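Q: predicted model and sequence below, questions to follow.
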Number of protein chains: 2
Amino acid sequence: MISNKMQEQVQNSSIIRAMFEEGKRLAGIHGAENVFDFSLGNPSVEPPEEVKQAILEILNTENSISVHGYMNNSGFEEVRAAIAQSLNNKFGTTFLPQNILMTVGAAGGLNVIFKTLLNPGDEVITFAPFFGEYRSYVKNYEGELVIISPNTLNFQPNLEEFKQKITPKTKAVIINSPNNPTGVIYSEETIVKLADILREKQKEFGTDIYLVSDEPYRELAYDNANVPYLSKYYANTIIGYSFSKSLSLPGERIGYLVIPNQAADFENIIVAANIANRILGYVNAPSLFQRVVAKCLDAKVDVDTYNKNRELLYNNLVSYGYECIKPEGAFYLFVKTPIESDVEFCNLAKEKNILIVPGTAFGCPGYVRIAYCVAYRTIEKALPGFKALIAEIK
Amino acid sequence: MISNKMQEQVQNSSIIRAMFEEGKRLAGIHGAENVFDFSLGNPSVEPPEEVKQAILEILNTENSISVHGYMNNSGFEEVRAAIAQSLNNKFGTTFLPQNILMTVGAAGGLNVIFKTLLNPGDEVITFAPFFGEYRSYVKNYEGELVIISPNTLNFQPNLEEFKQKITPKTKAVIINSPNNPTGVIYSEETIVKLADILREKQKEFGTDIYLVSDEPYRELAYDNANVPYLSKYYANTIIGYSFSKSLSLPGERIGYLVIPNQAADFENIIVAANIANRILGYVNAPSLFQRVVAKCLDAKVDVDTYNKNRELLYNNLVSYGYECIKPEGAFYLFVKTPIESDVEFCNLAKEKNILIVPGTAFGCPGYVRIAYCVAYRTIEKALPGFKALIAEIK
């Protein structure tokens, strides 16, 4: 009885569901504390204390009807003003409240912008490895996701292939830096070249190509790494942000889109995105948490905890003989599998009670993603398994 | 640059936006306190005290990572269990946690279920007058909204026309009772007949037709009116609920779908709806408020306040000569316009600083919707304007 499109989705998702079931089964046999689940990007660091304080302050001082009530579909004006101001202070931009649209997380924001922009058959380019949900977000609006093959040397985008795959039907390019699943930050050099190519192709085809920057991991950068703010490099940039990771609030579904005045047709895009937010059924981003994040724009989770996890896991895996780029951000390690099949390797890992995700899910077979947003102790306990795994293969 | 579909949406929405702008303009001239805005369904009654207490209790006793973290896309298991239990106690149903899918309000739930069910060209029937957003929710998934003309005698559904308009392509029927915009509750007699027709047509065409019940106003019923719980009358029922009105939390976007085991293909629908919830970018219903509503299932806003508004507005408008059904639920009055054009009547009302919505927006020209979820004082101050309006026309 379900729609044909959803039948496809149900079939495709059954592999991942099978993994979850397997995890539960293993936990039943060995105890949950002896199953090492590195499969999910669910933050393990507490939200900063400012979050709780902000909630209490709002509940104690503000009118409950307006705290929990409807507002303009774009979000509370004062929240959007605070976010614009904060971005301007940090990045030297000149955003106004009208450039900010509060969304139900970054996932909500990406759906809103694709609904706003895409006609059936329009192409959206992304660089492998990429967050697998982009497939669905683009398909929801009858777009075609065009995947650029991975540059496994350093996981910066493969710009040569990119240049060749831009067509007159290319409506958008979506990038994600710091990247899920690699943890790599696209360098300023990469961004400058990518912007040059886009401008060149816009001119060649007489089109506008929007660069959609999916930035849930912006705040999770290590060793003071620079994460370029894309609207400074390319006019047709639209930014999707989420507080899921920076404030450890993934369940609260709170983020925003930035639609700058420099973007072509920005006035129509702002109006249409506002409507898309409404008719897709989001209506508005959750109201209390809009107000909460506005009070926490200078707060962030303790990134050092993730950094310790990163060092522990990276250093040990490399010492065991695994090949892997040291991530500069996010909380994932993207490791080359010592056997050809990443799916097979994940199955072997499961025998050591280690749950990880095959790179195939991110358009990059031959690798696995290890999410290290877990307890330090979980990594310590899993290390012997990782060591035995590669030793047995070699 | 925006998509063709969104261009249409932008054009259609400009009338409503123009009304908002007009409201702002009037407020600028006459002062906000002298502009009587009856155009929005934004609750004017505070959330019950239990909401704040629940938030404080959760923040003070539960682990912040899990309070604000990801859970299964369907929602927290214990929240779904609490809701199922509460429904079973109230309505004698036998729902399990698996039958409940937590959603981003009812609007999110309706989008999830239409994404789950509809193939392009599938028909969804609704009864005028109806909540205008159904047009977009159905169109989002390439469905066709089939509108049954209004029965202006008592605003119960026009079942004769309904019977004729069901076709082999009818995939769903969406109803909303207590109804926005009429405040009418579809009677048990209506529901029994409607269910009989659906069963008959299912048999005739060899199809399954889902009855989608959109129930944000279930708790807002006056004079102990009975609001039939539809799954008891028809197996292929799917219920969309929202806490927006019952707890005055419209901005928080929290609701749920009920997909009963009796519904045809329920197992696939549950799995697909879970995936639709994820890929539409909702991911999950906001996490803190999932836990909050689970603690407030027996709480509700002070309906008596709305009832006083209803009595004041209804009794006076009728005494001035307006024709109108006395609403049994929700917080809207649906009034016959004393001139033919509802749009023109709304313009005349604006001259008295009264903002109301033409019935055309709900598929029922010749009527206007007056949302009385406002302060009692606002109604009192607006009454002379309503009186003068009809006097001048007659």
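A: That came through, no problem.
Q: what is the longest helix along chain A packed up against?
A: Using DSSP state H, we find that the single longest helix of chain A is helix A:4-30. Secondary-structure packing of helix A:4-30 (3 or more C-beta pairs under 8 Å, 6 or more residues apart in numbering or on different chains; DSSP states H and E): helix A:342-351, strand A:354-355, helix B:266-279. (Each C-beta comes from the backbone N, C-alpha and C, glycine too.)
Q: quick one: closest of the ones you listed to A:Pro48.
A: For A:Pro48, the closest of these is helix B:266-279, at 27.1 Å, according to C-beta to C-beta.
Q: re the thing from before, reformat the helices and strands packed on helix A:4-30 as a markdown table; add distance to B:Phe91, mean pLDDT and mean neighbour count.
A: Listed next are these as a markdown table, based on distance: least, C-beta to C-beta, whole Å; pLDDT from 0 to 100; neighbours: other C-beta atoms under 10 Å in any protein chain shown:
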| stretch | distance to B:Phe91 | mean pLDDT | mean neighbour count |
| --- | --- | --- | --- |
| helix A:342-351 | 43 | 95 | 18 |
| strand A:354-355 | 40 | 95 | 22 |
| helix B:266-279 | 18 | 96 | 22 |
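Q: adding distance to A:Val258, write those out as TSV.
A: Formatted as TSV, these follow (distance: least, C-beta to C-beta, whole Å):
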stretch	distance to A:Val258
helix A:342-351	35
strand A:354-355	35
helix B:266-279	23
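Q: A:Gly143 - nearest residue in space that isn't next to it in sequence?
A: Of all residues not flanking A:Gly143 in the chain, A:Leu118 sits nearest, at 4.3 Å (C-beta to C-beta, 6 or more residues apart in numbering or on different chains).
Q: quick check, the one you found in contact with A:Glu142.
A: Yes. At 6.9 Å, A:Leu118 and A:Glu142 qualify as touching, with contact defined as C-beta atoms under 8 Å.
Q: neighbour count for those two, which is higher?
A: Each of A:Leu118 and A:Glu142 has its neighbours counted (other C-beta atoms under 10 Å in any protein chain shown); A:Leu118 has more, 24 against 15.
Q: quick check: that one vs A:Leu145, distance?
A: 11 Å (C-beta to C-beta, to the nearest Å).
Q: who's in contact with the residue nearest to the spatial centre of chain A?
A: Ranked by distance to the mean C-alpha position of chain A (C-alpha atoms, centre = their mean), the top residue is A:Pro216 at 4.9 Å. A:Pro216 sits next to A:106, A:180, A:241-242, A:244-246, A:255 when contact means C-beta atoms under 8 Å, 6 or more residues apart in numbering or on different chains.
Q: pLDDT wise, what is the residue nearest to A:Gly143 at?
A: The model reports A:Leu118 with a pLDDT of 98.
Q: and it, how far is that from B:Met1?
A: 11 Å.
Q: cool, A:Leu211 as well?
A: For A:Leu211, the distance to B:Met1 - C-beta to C-beta - is 13 Å.
Q: again with A:Ile370
A: Relative to B:Met1, A:Ile370 is positioned 40 Å away (C-beta to C-beta).
Q: between those two, which is the more surrounded one?
A: Legend: neighbour count by other C-beta under 10 Å for A:Ile370 and B:Met1, higher for A:Ile370 (27 against 17).
Q: so after the host helix or strand of A:Val146, what's the next helix or strand?
A: Assessed by DSSP states H and E, A:Val146 sits inside strand A:144-148. Going down the chain from strand A:144-148, the next helix or strand is helix A:159-165, by DSSP H and E.
Q: list the buried residues in that next one.
A: Residues of helix A:159-165 classed as buried by neighbour count (16 or more other C-beta atoms under 10 Å in any protein chain shown): A:159, A:162-163.
Q: next one: stretch A:64-73
A: A:64-65, A:67-71, A:73.
Q: could I get the residues you listed as CSV with secondary structure?
A: Formatted as CSV, the buried residues of stretch A:64-73 follow (DSSP: H, G, I helix; E, B strand; the rest coil):
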residue, secondary structure
A:Ser64, helix
A:Ile65, helix
A:Val67, helix
A:His68, coil
A:Gly69, coil
A:Tyr70, coil
A:Met71, coil
A:Asn73, coil
